[in-house]
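A.B. asks: need coordinates for the below:
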Amino acid sequence: MTVKGVKSFRFRRKLRGKDLNITIGQYPEMTVEQARKAAIGIANDINNGINPNQIKCTELAELELERTTAVRLHFGVEFLLKRAYTIKIQTAALEFMT
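C.D. replies: Next up, the predicted model:
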């Protein structure tokens, strides 16, 4: 339980000599049974040499990459559309002057 009164289910174990702390979920959004099932899955992953925290970090990095790519694509398209509009106006002005 935190200072603010948030109750969380946590999993603790050592992996390759290092302490591994994983937050499974928060109570009451997650029931005790759900937390137990999740803890069993985490324990199985650790027994197979998989660090769930690394998987989570990789997934978050992939989501961030997708988000930043989408933002860059949006601004790139927006820039090109504005540029094309400017070129059309300039071309029209040049044709009008000749």
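A.B. asks: need the strands for this protein, in chain order.
C.D. replies: 7-15, 18-27 (DSSP state E).
A.B. asks: list the buried residues in the longest one.
C.D. replies: When neighbours are counted by 16 or more other Cβ atoms under 10 Å, the buried residues of strand 18-27 are found to be 22, 24. No exception for glycine: its C-beta is placed from N, CA and C like everyone else's.
A.B. asks: on that earlier part again, make TSV from the strands of the chain and add distance to residue 48 and mean pLDDT to it.
C.D. replies: Below are the strands of the chain laid out as TSV (distance: least, Cβ to Cβ, whole Å; pLDDT from 0 to 100):
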stretch	distance to residue 48	mean pLDDT
strand 7-15	11	89
strand 18-27	14	88
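A.B. asks: closest to residue 53 out of those?
C.D. replies: Among the strands of the chain, strand 18-27 comes nearest to residue 53, with 6.3 Å by Cβ to Cβ.
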